Structures are given as structure tokens and as C-alpha cells.
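**Student:** the following block contains a protein sequence and its predicted model.
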There are 2 protein chains.
Amino acid sequence: MNPMTEEVRKKFIRQKSTETSVDAIIEGLLSGDRTMLSRAITLIESNASRHQKPSEEMLQRLLPYSGDSIRIGITGVPGAGKSTFIESFGLLLCHKGHRVAVLAVDPSSTLHGGSILGDKTRMERLANHPNAFIRPSPSGGTLGGVHRKTRETIIACEAAGYDILLIETVGVGQSEVVVKSMVDFFMLLVLTGAGDELQGMKKGVMELADAVIINKADGGNLELAKKTQKEYKQILHFLQPTTKGWTTPALTCSALYEEGIDQVWEMIQRYMKMTKDSGLLLEKRKMQAKEWLYAQVKEQLESAFFGNEKVEKLVPGIEKKVMNEEMPVAKASRLLFDAFYGK
Amino acid sequence: MNPMTEEVRKKFIRQKSTETSVDAIIEGLLSGDRTMLSRAITLIESNASRHQKPSEEMLQRLLPYSGDSIRIGITGVPGAGKSTFIESFGLLLCHKGHRVAVLAVDPSSTLHGGSILGDKTRMERLANHPNAFIRPSPSGGTLGGVHRKTRETIIACEAAGYDILLIETVGVGQSEVVVKSMVDFFMLLVLTGAGDELQGMKKGVMELADAVIINKADGGNLELAKKTQKEYKQILHFLQPTTKGWTTPALTCSALYEEGIDQVWEMIQRYMKMTKDSGLLLEKRKMQAKEWLYAQVKEQLESAFFGNEKVEKLVPGIEKKVMNEEMPVAKASRLLFDAFYGK
């Protein structure tokens, strides 16, 4: 048998393909070459240590070309119709001449080994449009890792000329907070029947939203959608708007029949104008970048600490004692640090 | 002039007084000696490194005597009448034969150098009751430090025989999340006029509450209080209850005229019975202890990292570059770690 098995061969090819020179990637990407954008993202997503510096260098050189876009986050429980909405919305924007990139932050990909989001086959029409770029969600790494990479993927997409970024997630975990922290505008897509839906929605998600969009407002569902809209307006009235000076609206639409989608876009443009004029947008992006830096440093610190062999060995026993109130936390913490510092 | 100035002498005395042997403190504390409880808390709150191990030892030995209490958190915007409520509520419990300790987590104490909470003079009647112990909030350290110490102070109070702990905070910062993480039951005290009030309240605070108490429901205010109660019930209806199986109620009371306070206590007893029977209380306390451990470790890790001299020097410049999108976060983070590891 050939010593280079199929698996090894594939791995070899994969390795080669990410080894394209940074110069070539940047040049291709800036000229709008999708393959090179994909390659750039692969480099960004790589966990191989030999890719760290080339990736950094590439991002450093792409930064001056990034930033000039509208970053839109979209969340909603599974079944809310996110894919259909993104396809309708994305196509509308493409027809208007925009270049649209769709990214996904998928908390389930780590847990289940597969991705439920960002699947190109779900958005075939959009995927085939020359102005659109759909990146399936990365399928490995921690949530922290995934979101870090999504943030850097945004830079690459913007440098490649995509002026509207749609970042999708499911509102069931921490991922919506992560997405919120990297977008200009954050939308919550919901179904009819506010009461029922809120039961399944994670607490606090609604308070992150710059808009609530009630989808599937069509046919026999239309009346219920209007009722739901009223209910959401009532709740929103009691909540503080997530962006200062902006009253969070509740809109209805039918992604399937492409109704009300235009109004969503008008609303976002209104929001962008307002926050650009007031300087809030710039301020927000600066704060997001800063928070991103600290989040990343903390994440790395924690993985260094808890990944330490001696700490790792001690943790289960100490954690159990603390939980059973057999050891004070101060002592537990000191013992872990003693182990970390090799005392 | 005497070389031992007044200041040095005071410091010397202070130092001596905290140097009481751990044995003596524990013995006194377990027999219900308030002075020894105060001394124990002083030892817990001390930042002196020579106090670390005695404090740990003391807590280790007090742990078996702790845990058998009801831990109640109380938050509300300034002016909601927290002191009056705590005094009325505390006195009611004292009259019923309970022993009540009042602690405070005061986010402002760090910022303004003074404490706005836990002032004994505000609750003179309660402070003079033999069954009550009021500890003013610690006036130094970070919020993290303060809350860590409050958690350990709870252990000392419980070991000293206090079976009801009232932990007070203002709902304006992160402190209410911190308090929520150390209590069995968390109450939000509000004034009449839900709409107006919610404007000043931090987002998400209401979603932490196991009960909303509308205070000052007396005299000419009574009707408005009832209306406010209705409004809060409506909002709560849309929110997920913070504790599984528990419907968050909205009650009215008048702390000043001591009306409705009994109902609050009945409600808490109902909650405690329910969560004890279902095992939820034990589960919650275990999770809180675990989270507390991780929070403390992370806090120490971060202060070690950001307190590192080389890191500290680099941070301002790097932060600025990241905020101005002149440096990718991945690179910024690597530079900080290189500095930390002395590379």
C-alpha cells in the first residue's frame, strides 16, 4: 500500500493550500478574489502556531482597508426563519448594488461537532449571487475562539470590498452577547406569539436588540403577527433602549414573500445615519475593539492557568470541596496559584 | 517630640487588635460574642499578607458552623427606601426570635472613598436590638475584593449564630449581580411609577429579582402603588422567572408604617420551603460556591497580569492602537503576553 494514505494526502494538500504567501492572499483579496478571501479566513481560523505570525501580518496590512461597512447582527431562536430572512434581505441588498458577506457564530458547532448555521445550501439563491459571500461557521474551537476569529474575519471581508456584513447566531446561549459586541446594529428575529416565544428565549436577549423583527407575517398568520407586534412594543416600552437616543422598534415582515424587508433596511439606514452623525458609531466601534482586546487577553490567561498540568490535576478535588463547603474559597484559590507558580 | 506619633500609635493599636489569636476569635464568635465577630470580619477584610493564612485557617474552622441561614439580597435605586425597609423587616424578624445580620456591598465606597450604605446610624432601632448585627460596608478595595470579603463575612456571621442575613446593595452597577450570586433570595425594592423608575434602573436588574417590592405604599401614595404593582406584574409576566418553578411576585408594602412587611416574610418562607424541598437551594449554593471560586481565581489572574510592570507600561499605547484600528487584536494580545513572560 502506498505510504501516503488518503487522509495524509488530504492533510498535505490542506496544509499546502493555507501556505499561499501572505502577499498573494492580500493582493487577491483586495482585488475581490473570493478564493483568496476564503484562504485568508482559513489562515485566520487556523490554530497552527506557524500560522499565527502570517495571520497577524496579514491582518495588520488589511486593517487600513477595513471598517467601511455596516455590521449587522441577527439572532433568533431556531425556527424563527433566520436563513430565509438573511436570504431575502441579502438579495435585496445585492440588487441595490451592495456587496454582502454572511458570517455565522454558532455555539452548537463546538458541542455537536457539526454546524447548524451558515450552510450555503440553505441560502442557495444568495450564495449564487455574484455580490454575496457566504462563509459557513467554523466547526472547531471554543466559543471564544470562534468569536475571536469571526471578528477578524470581518476585517478580511471588509478589505475584500464587502460593505454589508450579516452575522448570524442563535439566541440560546452566550453567542448573542458575543455577536452584539462586534456589530453596529443587532436584530432579534421572532415568530408570532410573544408570550410563548419569550419562554424559550434566553433572558436578556431582547434587551440587546436594536430592533425586534416579527417574521412570517403573511397569510393566515398576519393578524397574529400584528398582535405580537403590539405585545413586543409594550414590552420594549418598559425596557431601556440598548442604544442611546434610539427607540427600539418592533417591525413585521415576511421573509418568504419578501414583504417588509425594505422597511427593515430603511430602519437600519436611519440608525446608521443617526449614530454616524452623533459620533456614537465611532465611539461604539472603539469600545468594541477595546473590549475585544481585553476579552482575548483574559481568555488566553485563563487557558494558560487552567491548562497548566498541576492546576488541572488539583481542580476537580478542590472544586468538590468548595462546593460541599469543606474548604474556604480563599484557601482553594491560594492552593491553585501555589500549584501554578510551582510552589 | 516622642518618636511614636499619634498616627503610628493608632496604627500600632490597630495592628495589635487584629492580632488576637484565631483560637480566641473562633471561641468568642461561636459563643455569640459580637466583638469577636467584628474582629473576625476585620481579619477577613484585611489586605495584609500576614493575615492571609490566619484568615484562611479561621474560615476553614468556621465553615462547619455556617450555611444554616436564609441569605437575602436587597437592591433598589437610591431613594427607594432600602434602609427603612431593612430596619422594619429586620425588627420584625428579631421580634420573631431570629438573629439578623445586615451586610452591605457598596460599589460607591471605592469610588468616593466613603460609604453610602450600611451606616449604623441610619438604622438606629435595629442596631440597638440585641438580636441584630449591622456591619458597615468595607470602605476600601475593588468591588471584586469587597464582594469576596462579603461572601466570607457571611460565613463568619452564620457561625456566630445569625440565621438571617440581609445583604444590601444599590442597583446601579455590577454590584447587584455580585450580591445575587451570594444569596438565596434576591429582592428588588422600587418606588411607585414603574415607567419612570425603570428609566433609572440598570437594564437586567429586574430579571435578577425573585420578588419586586413596591415600597411607600401608604397615604396618598397608595393608589399609585397599586397601579405600579399592576404595571410590574405585567412586565414580570413577560420575563422568565429567575428561579425555576417560582413565579416572581410584585408586592406592595410600607416600610415606614410597617405594613405588608409580614407578607414579604411569608413569601420568602414559601420560597425557602419550595427550594429546600426540591433540592434547588442546595444545588444553587453549590453552584454559587463554584462560581465564586472561579471568579476569584480569574480576578487574581487578571490583577497579576495587568499589574505586571512591563504589561502596565505597554497597555496604554497598545490599547490606543487597537481602538484606532491601527493594530489587530491578535497582535496586541501577543505583544502583551510577550511582555508578561519577559520575552
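**Tutor:** Right, received. Where do you want to start?

**Student:** A:G342: neighbouring residues, count only.
**Tutor:** Using other Cβ atoms under 10 Å in any protein chain shown, A:G342 has 7 neighbouring residues. C-beta coordinates here come from the backbone N, C-alpha and C atoms, glycine included.

**Student:** quick check: which element contains the nearest residue in space to it that is not next to it in sequence?
**Tutor:** Excluding the flanking residues, the one nearest A:G342 by Cβ to Cβ, 6 or more residues apart in numbering or on different chains is A:K310, at 7.2 Å. In the assignment (DSSP states H and E), A:K310 maps to helix A:309-323.

**Student:** and the contacts of the helix or strand just after that helix?
**Tutor:** Per DSSP H and E, the first helix or strand lying C-terminal to helix A:309-323 is helix A:329-340. For helix A:329-340, contacts defined as Cβ atoms under 8 Å, 6 or more residues apart in numbering or on different chains pick out A:305, A:308, A:310-311, A:313-315, A:318-319, A:321-322, B:52, B:55-56, B:59-60, B:148, B:151-152, B:289, B:292-293, B:296-297, B:300.

**Student:** domain assignment for chain A?
**Tutor:** What automatic domain parsing lists as the domains of chain A is A:3-62, A:66-278, A:292-340.

**Student:** in space, what's closest to the closest residue to chain B within the stretch 1-150 of chain A - neighbours in sequence excluded?
**Tutor:** Going by Cβ to the nearest Cβ, chain B is nearest to A:L59 of the stretch 1-150 of chain A, at 3.7 Å. In this structure, A:L59 finds its nearest non-sequential neighbour in B:P328, 3.7 Å apart by Cβ to Cβ, 6+ apart.

**Student:** and the one you found, backbone torsions?
**Tutor:** When quoted as degrees, to the nearest 10, the phi and psi of B:P328 stand at phi -70, psi 150.

**Student:** list the contacts for it?
**Tutor:** Applying Cβ under 8 Å, 6+ apart to B:P328 gives the contacts A:E56, A:L59, A:Q60, A:L63, A:E152, A:I155.

**Student:** for PyMOL, what selects the buried ones among the residues you listed?
**Tutor:** Buried members of these, defined by 16 or more other Cβ atoms under 10 Å in any protein chain shown, are picked up in PyMOL with:
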select buried, chain A and resi 56+59+60+63+152+155
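
**Student:** restricted to helices, list the contacts of B:P328.
**Tutor:** A:E56, A:L59, A:Q60, A:E152, A:I155 (DSSP state H).

**Student:** nearest residue to the first one other than its sequence neighbours?
**Tutor:** This means A:E56. Counting by Cβ to Cβ, 6+ apart, the residue nearest A:E56 is B:K331, at 4.4 Å.

**Student:** before we move on, back to that, dump the domains of chain A into CSV; add mean pLDDT and distance to B:G90 as well.
**Tutor:** Output for the domains of chain A, formatted as CSV (pLDDT from 0 to 100; distance: least, Cβ to Cβ, whole Å):
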stretch, mean pLDDT, distance to B:G90
domain A:3-62, 81, 55
domain A:66-278, 83, 31
domain A:292-340, 93, 26
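
**Student:** now A:K286: how far from A:T242?
**Tutor:** As judged by Cβ to Cβ, to the nearest Å, A:K286 and A:T242 stand 18 Å apart.

**Student:** A strand includes A:L166, no?
**Tutor:** Yes. Counting by DSSP: H, G, I helix; E, B strand; the rest coil, A:L166 is part of a strand.

**Student:** looking at it, it is touching A:I72, isn't it?
**Tutor:** Yes. In this structure, A:L166 is within contact of A:I72 by Cβ atoms under 8 Å, at 5.4 Å.

**Student:** any idea of the angle the helix or strand where A:A289 lies forms with helix B:329-340?
**Tutor:** Element membership of A:A289 [criterion: DSSP H and E] is helix A:280-306. Relative orientation of helix A:280-306 versus helix B:329-340 (axes from the mean of the first three to the mean of the last three Cα atoms, to 10 degrees): 50 degrees.

**Student:** who touches stretch A:57-72?
**Tutor:** Applying Cβ under 8 Å, 6+ apart, the contact partners of stretch A:57-72 are A:22, A:25-26, A:29-30, A:40, A:43-44, A:152, A:154-159, A:162-167, A:182-187, A:268, A:272, A:285, B:325-328, B:330-331.

**Student:** how far does it sit from the chain's center?
**Tutor:** 16 Å (Cα atoms, centre = their mean, to the nearest Å).

**Student:** still on that earlier bit, show me what the helix holding A:A289 is packed up against.
**Tutor:** helix A:143-159, helix A:261-278, helix A:309-323, helix B:280-306, helix B:309-323, helix B:329-340 (3 or more Cβ pairs under 8 Å, 6 or more residues apart in numbering or on different chains; DSSP states H and E).

**Student:** just those: most buried one?
**Tutor:** Among the helices and strands packed on helix A:280-306, helix A:143-159 has the highest mean neighbour count (mean count of other Cβ atoms under 10 Å in any protein chain shown), at a mean of 23.
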